[in-house]
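Chemist: here is my input; please provide its structure:
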Amino acid sequence: MANLKGLQQGWGMIGAGLVLAVAMAAGLFLSGAQAWAQSSPVQPAQTAAERIELLRNQIKAAEDGHAGQAEIGALWLKLGNRYQDLLDFAPAEDAFVRAARLLRGTETQAAYLDALDGLGSLYLATGREPEAEDAMRKVVGMYEAMGDSGHAADAEVTLALVLLFEKRYGESAIESGKAIQAFELLPQADASEPVSAYLSHSYALCYQGRAKEALGDTSRAMDLVKSNLPVNSTEVAATWLARGVMEWKSGFPDEGEKSIGEALRIVRSRGDWPPVLRVNGELGVLRQYAALLKDSHRKQDAKQIQLQIAQLQGELPPTCSSCTVNVAAVGLGLLP
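Modeler: From the prediction side, this is the model:
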């Protein structure tokens, strides 16, 4: 994701509810929250900075020692993931590009695809959909050629999300539908993978005027998260948010409001997330909520939510005041 400047924001419903729902569930960005949670609870930012410095020193030592391209490329890939976890987008992009150049080869194809996948997610977060689509189509094609249906399905979910941002809803539904079919045939170790596919598919249907049909996808996602994931996980929050949108769009605004409230409660409960991610997550849910209120002609209620949004934006660090990542780009939200 390129510098925090110019990140996608103000998307109305597609910019405030979908990325949380899908990007969070797909693990595009909130993996950073998990990384922070596993680090020191006292000084997570300092620990992250130290880890980045360590990786940079390892890269310099490898380059000075004339290590092979595969070794150096793997280190750049790790560094890109570290920066992306912290939503530090400019150095993340630089690291992914360096990694991809070094890892382009038969023996390092898996690592090369990881770097290309990282770039695709990053391009999506920074509003560069054509570049994101190009990267993700390459990733999907290469995994399919390798016979790796699981990783291909993961990449198809990201591609579906790109197409949603481009308002190519029919194509998006096809891609997420293919991912759902693949996941249903695979033994699942990680419930978040099919969840992200179901949520992406639900939004694609919803924005084709098929919200009631989309409720089926959110119900299947809810069954998965309740059976397999912690009750306050990002995937559960994402599923509640998507369910609320589909309920509201299906003509059940009271039920929808309750579901969105549950998503907001979960996000606000996550004191273990770094502030920039937690705030962006909350902003994503609130933007989605405000858009639905406005759509329902509840102007005063929408105005109150907008005041909360303005207050939250003031809590973002100065370098991140314009970085409301598509739903926290993931973070939490995106729609029209």
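Chemist: which residues does Ser269 contact?
Modeler: Listed by C-beta atoms under 8 Å, 6 or more residues apart in numbering, the contact set of Ser269 reads Asn232. Glycine gets a C-beta too; all of them are placed from N, C-alpha and C.
Chemist: and the residue of the chain positioned farthest from its centre, how close does it get to Gln58?
Modeler: The outermost residue of the chain, judged against the average C-alpha position, is Gly65 (37.0 Å), by C-alpha atoms, centre = their mean. Using C-beta to C-beta, to the nearest Å, we find Gly65 at a distance of 10 Å from Gln58.
Chemist: how about Lys249?
Modeler: Relative to Gln58, Lys249 is positioned 49 Å away (criterion: C-beta to C-beta).
Chemist: so those two - more neighbours on which side?
Modeler: Regarding Lys249 and Gln58, a neighbour count based on other C-beta atoms under 10 Å identifies Lys249 as having more, with 22 against 16.
Chemist: could you find the closest non-adjacent residue to that one?
Modeler: Nearest non-adjacent residue to Lys249, counting by C-beta to C-beta, 6 or more residues apart in numbering: Ala211, 3.6 Å away.
Chemist: pull the contacting residues for the one you found.
Modeler: By C-beta under 8 Å, 6+ apart, the residues touching Ala211 are 205, 246, 249-250.
Chemist: Gln300: which of the residues you listed is nearest?
Modeler: Lys249 (21.5 Å; C-beta to C-beta).
Chemist: so that closest one touches Cys206, yeah?
Modeler: Yes: with contacts counted by C-beta atoms under 8 Å, Lys249 reaches Cys206, the gap being 5.6 Å.
Chemist: quick one: common contacting residues for those two?
Modeler: Here Lys249 and Cys206 share the contacting residues Ala214, scored by C-beta under 8 Å, 6+ apart.
Chemist: how many neighbours does Asn57 have?
Modeler: Taking other C-beta under 10 Å as the neighbour definition, Asn57 ends up with a count of 10.
Chemist: how close does it sit to Arg51?
Modeler: Separation of Asn57 from Arg51 (C-beta to C-beta): 11 Å.
Chemist: number of residues surrounding the closest residue to Ala95 other than its chain neighbours?
Modeler: With C-beta to C-beta, 6+ apart as the criterion, Ala95 has its nearest non-adjacent residue at 3.4 Å, and that residue is Gly80. Taking other C-beta under 10 Å as the criterion, the count of residues near Gly80 is 26.
Chemist: give me the element Gly80 is part of.
Modeler: helix 69-85 (DSSP states H and E).
Chemist: quick check: mean pLDDT of stretch 70-88?
Modeler: Averaging pLDDT along stretch 70-88 yields 89.
Chemist: over to stretch 237-256?
Modeler: In this model, stretch 237-256 carries a mean pLDDT of 94.
Chemist: save the contacts of Ala211 as CSV, and put in distance to Glu315 and secondary structure too.
Modeler: As requested, those are arranged in CSV below (distance: C-beta to C-beta, whole Å; DSSP: H, G, I helix; E, B strand; the rest coil):
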residue, distance to Glu315, secondary structure
Leu205, 35, helix
Met246, 30, helix
Lys249, 30, helix
Ser250, 34, coil
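Chemist: out of those, who's the most crowded?
Modeler: Counting neighbours by other C-beta under 10 Å, the top entry in the contacts of Ala211 is Met246, with 28 neighbours.
Chemist: any chance you could map the strands in the chain?
Modeler: In the chain, the segments counted as strands under DSSP state E are 327-328, 331-332.
Chemist: Val139 contacts Ala155, doesn't it?
Modeler: Yes: in terms of C-beta under 8 Å, Val139 counts as a neighbour of Ala155; the distance is 4.3 Å.
Chemist: what residues are shared contacts of these two?
Modeler: Residues touching both Val139 and Ala155 comprise 117, 120, with contact defined as C-beta under 8 Å, 6+ apart.
Chemist: quick check: Val140 vs Val285, distance?
Modeler: Noted for Val140: a distance of 30 Å to Val285, by C-beta to C-beta.
Chemist: so between those two, which is more surrounded?
Modeler: The neighbour comparison of Val140 against Val285 (other C-beta under 10 Å) goes to Val285, with 33 against 24.
Chemist: wait, isn't that one in contact with Ile260?
Modeler: Yes: taking C-beta under 8 Å as the definition, Val285 is a contact partner of Ile260 at 6.6 Å.
Chemist: need the overlap of contacts for those two.
Modeler: Residues touching both Val285 and Ile260 by C-beta under 8 Å, 6+ apart: Leu241.
Chemist: just to revisit the earlier point, next one: phi and psi at the residue farthest from the centre of the chain?
Modeler: Backbone dihedrals for Gly65, given as degrees, to the nearest 10, come out at phi -90, psi 10.
Chemist: next up, the contacts around it.
Modeler: Gly65 sits next to no residue when contact means C-beta under 8 Å, 6+ apart.
Chemist: look up how far Ile72 lies from it.
Modeler: Applying C-beta to C-beta, the value for Gly65 to Ile72 is 10 Å.
Chemist: state the distance from the residue farthest from the centre of the chain to Asn57.
Modeler: Between Gly65 and Asn57 the distance, using C-beta to C-beta, works out to 12 Å.
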